[in-house]
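J.: prediction below, plus the sequence it came from.
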Amino acid sequence: NAEEALNLYAEAARLSRGSYRAGMLQEQAALHLQLGQAGEAVSVLERARAEYPASAAEIVPTGPDDDPTDTAGQLLGLASWHYLMSQAQLNQDALDKALENIQEADRLEVLVGDPSYGVALVYGQVLVAQGRQQEALRHFDAALMLSQPEDRPYALHELGVAFLDLDRPLDARERLESAAGTPDYPFVPEVLADIAEAEYRLGRLQEAQGTAELALAQGAVVPASLVLGSVEMDYYHLDEALEHYLRVVREAAPGTRDWVTAEQMAADIMAQQGFPDPTSAYLHAQQALEYTDPSDDWYGTLQDHLSRAETLMGSGKGRTLN
C-alpha cells in the first residue's frame, strides 16, 4: 500500500536525525515521484536538504581524522537528493532547474567515483526535454553501460526515441527492437509504436502498419494511431486516416504535441474531403490554432480552413435538411 509506505517513511524520518533522516525523507520523495506527485516530492525534499551541510564543499574531508567512507556516503546522499529534485522539476517542466540539479548530482558521483545508471538516464531525459537530443545520446549510452539487466530496456528505449527525434530511424530501430525483446519490460506496446514510427520513416509502410496495429491492440493507442494515420495518408485513404487522428484527439491530453498534431490533421483532412461537416472542421481547426505558434506553417493553413468552414456554416452547406 503506497499510502502506508509514505506514512512509514514519514514516521521513520521523524524518529531520525541527520543523514538517516535525510535518507528516509528521500525515500518518501522517491515514492511520491513514482505516484506522479511531483509537488509533494519537492516539499519533502526541501525538508531533507536541511539535514545536509549548506554546500557539498563542507562535506569533503579536510583533516586526518575524517572518515572517507562517511564522507562518500554523505556526498552520494546529497547526489541522490539532487537526482530526485531534478526528476521532480522535470515533471513540473522547470527544465533549467532540473538541469542544474542533475549536473550537480553527476558532479558529486564523479567526485566519489561512483557514477549511477539513474543519474545518467535522468541527465539524458532533461536534455531531451530541452530539445538537446544529440547531447542526450552520450548520457543514455552511459546509462546503458551502467545498467543492470532489468534497467537495460529503459535506456535502450530512451536511446531509440532520441534517435527518432534526430531522424536517425535505422539507429532508432536497432535500439528499440532490443528493448522490445526484453522479457517483462512494461512498455513494450509503446516500444512497438516507436518501431512502427521508425519503419514508417524508412518508407516501409506495410511493416509500419503491421507493427502499429500490434501496438494499438496492446494499448499504445496514441502513438500507434498517429503512425496508422500517417500510413493511411500516404495511401490517400482519407476516411481511415481521419478515424485514426480522431482517436488521438479523444485519447491524448489536450494541448500535448500528439493532440495538437491530431487536431491539425483532422482539420486538414476534412478540408481535403471538401468540408462535408463544416462545423466539425471549424472546431478542429479552432482547437489546433489555439496551440499552434503563428510562425508555424500550419498556422496559415488552419486559418484558411477556419475561414472556409465558417463561410460554409453561414451558407448552410453540409447541414442536414429536415
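T.: Yes, it's here.

J.: next one: stretch 102-122 to chain centre, how far?
T.: Relative to the mean C-alpha coordinate of its chain, stretch 102-122 is positioned 21 Å out (CA atoms, centre = their mean, to the nearest Å).

J.: cool, stretch 176-190 as well?
T.: Offset of stretch 176-190 from its chain centre (CA atoms, centre = their mean): 16 Å.

J.: could you do stretch 210-222 as well?
T.: Computed by CA atoms, centre = their mean, the separation of stretch 210-222 from the middle of its chain amounts to 18 Å.

J.: and if you look at stretch 22-31?
T.: Here stretch 22-31 shows a centroid-to-chain-centroid distance of 23 Å under the convention CA atoms, centre = their mean.

J.: which stretches of the stretch 201-322 of the chain form strands?
T.: Under the criterion DSSP state E, counting those that start in this stretch, the stretch 201-322 of the chain contains no strands.

J.: okay, now the unreliable bits of it?
T.: With pLDDT under 70 as the threshold, the stretch 201-322 of the chain has low-confidence stretches at 316-322.

J.: for it, what spans make up the helices?
T.: For the stretch 201-322 of the chain, applying DSSP state H, counting those that start in this stretch gives helices covering 205-217, 221-234, 238-251, 257-272, 278-290, 297-315.

J.: and stretch 125-144, what's buried?
T.: Using 16 or more other CB atoms under 10 Å as the burial criterion, the residues of stretch 125-144 that qualify are Gln125, Val126, Leu127, Val128, Gln133, Ala136, Leu137, His139, Phe140, Ala142, Ala143, Leu144. Placement of C-beta: from N, CA and C, glycine included.

J.: make a markdown table from the residues you listed and add distance to Val248, pLDDT and secondary structure to it.
T.: Shown next, in a markdown table, are those (distance: CB to CB, whole Å; pLDDT from 0 to 100; DSSP: H, G, I helix; E, B strand; the rest coil):
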| residue | distance to Val248 | pLDDT | secondary structure |
| --- | --- | --- | --- |
| Gln125 | 24 | 97 | helix |
| Val126 | 27 | 98 | helix |
| Leu127 | 27 | 98 | helix |
| Val128 | 22 | 97 | helix |
| Gln133 | 23 | 96 | helix |
| Ala136 | 26 | 97 | helix |
| Leu137 | 28 | 97 | helix |
| His139 | 30 | 97 | helix |
| Phe140 | 27 | 97 | helix |
| Ala142 | 34 | 97 | helix |
| Ala143 | 30 | 97 | helix |
| Leu144 | 31 | 96 | helix |
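
J.: make a markdown table from those residues and add distance to Glu207 to it.
T.: Compiled in a markdown table, the buried residues of stretch 125-144 are given as follows (distance: CB to CB, whole Å):
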| residue | distance to Glu207 |
| --- | --- |
| Gln125 | 29 |
| Val126 | 33 |
| Leu127 | 30 |
| Val128 | 26 |
| Gln133 | 24 |
| Ala136 | 27 |
| Leu137 | 25 |
| His139 | 30 |
| Phe140 | 25 |
| Ala142 | 31 |
| Ala143 | 29 |
| Leu144 | 26 |
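
J.: and Arg47, how many neighbours?
T.: If you count neighbours by other CB atoms under 10 Å, Arg47 ends up with 14.

J.: from what I can see it touches Leu25, true?
T.: Yes: contact criterion CB atoms under 8 Å: Arg47 and Leu25 qualify, at 5.7 Å.

J.: any shared contact partners between those two?
T.: Any residue near both Arg47 and Leu25 by CB atoms under 8 Å, 6 or more residues apart in numbering counts here, and that gives Ala13.

J.: quick check: Ala57 vs Ala2, distance?
T.: Distance of Ala57 to Ala2, given as CB to CB, to the nearest Å: 37 Å.

J.: looking at these two now, which is surrounded by more residues?
T.: A direct count of neighbours by other CB under 10 Å for Ala57 and Ala2 places Ala2 higher, at 11 against 8.

J.: give the contact list for the more buried one.
T.: Contact analysis of Ala2 by CB under 8 Å, 6+ apart lists Leu31, Gln34, Leu35.
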